[in-house]
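model the structure of this input:
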Amino acid sequence: MLFRSETVLPRRNGKRVKPSDLNLIELRSQPHMILFAAILQAVGSEDTYRTNRRYQLRDWLRITLSFAELSLYVVPPARLDYAVDLCLAGIRAKEPMDSVVLVNALSEVDIRVVRQLVSAQNIGQWSAVVTARLDESCNAGDEIQANNDSDPNHPDEYEQWLTESQTHVKVASDFFDWSGREEPEALGRLMSLVNSVDRPPDPEGPEDEEQEYGGSSSPSSYWTLERMFEDL
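Here you go, the predicted structure:
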């Protein structure tokens, strides 16, 4: 229901109008916006979290990201009453990147909860993991660019690297923004590589055209919540 509710919001040229470009005080009195606000209130209630314990972290991430964006269309912004529960779940996640992505999303909803619950130790550990991911992507980008002059990678490998690198940049930028940590050099370097690494030429010949690329077998390529950003 949350994901369908955004269809009632004003649009211009097929795109949703930004909250800052609307008179939200006048808009909130319209019947469809009253219903919209009621849906947000229901989604953000503690009952929603309590009755949907079966949801996985990736499900709550989608809900949190949408809630953060859509709650800006109601005055005052809708509350996420279970932000504390989600933040604690994120901190306890087995995969550090799961923690980072979910807490990033929560920082858009209620930064106060994040600042209360996320310790300096958490931030330090996550910073190291995020920086390592950035370094990995930088090295992979350098390798793809170097191979373009001799033995080019398959275009699918480049596309996978590009998609993952754009995800890394988004995740890292959000994390270092709310955490207050200094951005590592690798973040700026990866942003530059995303814009400069050339796409390998399409393979020539029937054999290459029929070859299927199955993706990297590296454990670091099988991410959990981070992968979701590719679909958002």
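
contacts and neighbour counts: CA atoms only from here.
Will do.

so how far is Leu9 from Glu26?
13 Å (C-alpha to C-alpha, to the nearest Å).

can you check Pro155 too?
Distance from Pro155 to Leu9, by C-alpha to C-alpha: 39 Å.

which of Glu26 and Leu9 has more residues huddled nearby?
Leu9 (17 against 8; other C-alpha atoms under 10 Å).

tell me who's in contact with that one.
Counting by C-alpha atoms under 8 Å, 6 or more residues apart in numbering, Leu9 makes contact with Arg16, Val17, Met33.

let's go with 10 Å and repeat that
By C-alpha atoms under 10 Å, 6 or more residues apart in numbering, Leu9 lies in contact with Lys15, Arg16, Val17, Lys18, Pro19, Leu27, His32, Met33, Phe36, Leu70, Tyr73.

quick check, Ala132 in contact with Ala186.
Yes - the pair Ala132 and Ala186 qualifies as a contact (C-alpha atoms under 10 Å) at a distance of 8.8 Å.

what is in contact with these two at once?
Cys138.

compare the two (neighbour count), which wins?
Taking neighbours as other C-alpha under 10 Å, Ala132 and Ala186 compare with Ala186 leading, 20 against 13.

ok, the more buried one to Glu143 distance?
On the measure of C-alpha to C-alpha, Ala186 and Glu143 end up 15 Å apart.

can you check Glu157 too?
In this structure, Glu157 and Glu143 are 11 Å apart, going by C-alpha to C-alpha.

which of these two has more neighbours?
Legend: neighbour count by other C-alpha under 10 Å for Glu157 and Glu143, higher for Glu157 (18 against 14).

so that one makes contact with Ile144?
Yes - taking contacts as C-alpha under 10 Å, Glu157 lies within contact range of Ile144: 8.6 Å.

pull up the overlap in contacts between those two.
Arg199, Pro200.

how about the CA coordinates for stretch 131-145, as PDB?
Extracted C-alpha coordinates of stretch 131-145, given in PDB (Å, rounded to 0.1, in the frame of the first residue of the first chain):
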ATOM      1  CA  THR A 131      36.600   2.000   2.700                       C
ATOM      2  CA  ALA A 132      37.700  -1.500   1.900                       C
ATOM      3  CA  ARG A 133      34.800  -1.900  -0.500                       C
ATOM      4  CA  LEU A 134      35.700   1.300  -2.200                       C
ATOM      5  CA  ASP A 135      39.300   0.200  -2.600                       C
ATOM      6  CA  GLU A 136      38.200  -3.100  -4.200                       C
ATOM      7  CA  SER A 137      36.000  -1.300  -6.700                       C
ATOM      8  CA  CYS A 138      38.800   1.200  -7.500                       C
ATOM      9  CA  ASN A 139      41.200  -1.700  -8.200                       C
ATOM     10  CA  ALA A 140      38.700  -3.400 -10.400                       C
ATOM     11  CA  GLY A 141      38.000  -0.200 -12.300                       C
ATOM     12  CA  ASP A 142      41.700   0.300 -12.900                       C
ATOM     13  CA  GLU A 143      42.100  -3.200 -14.100                       C
ATOM     14  CA  ILE A 144      39.200  -2.900 -16.600                       C
ATOM     15  CA  GLN A 145      40.600   0.400 -18.000                       C
END
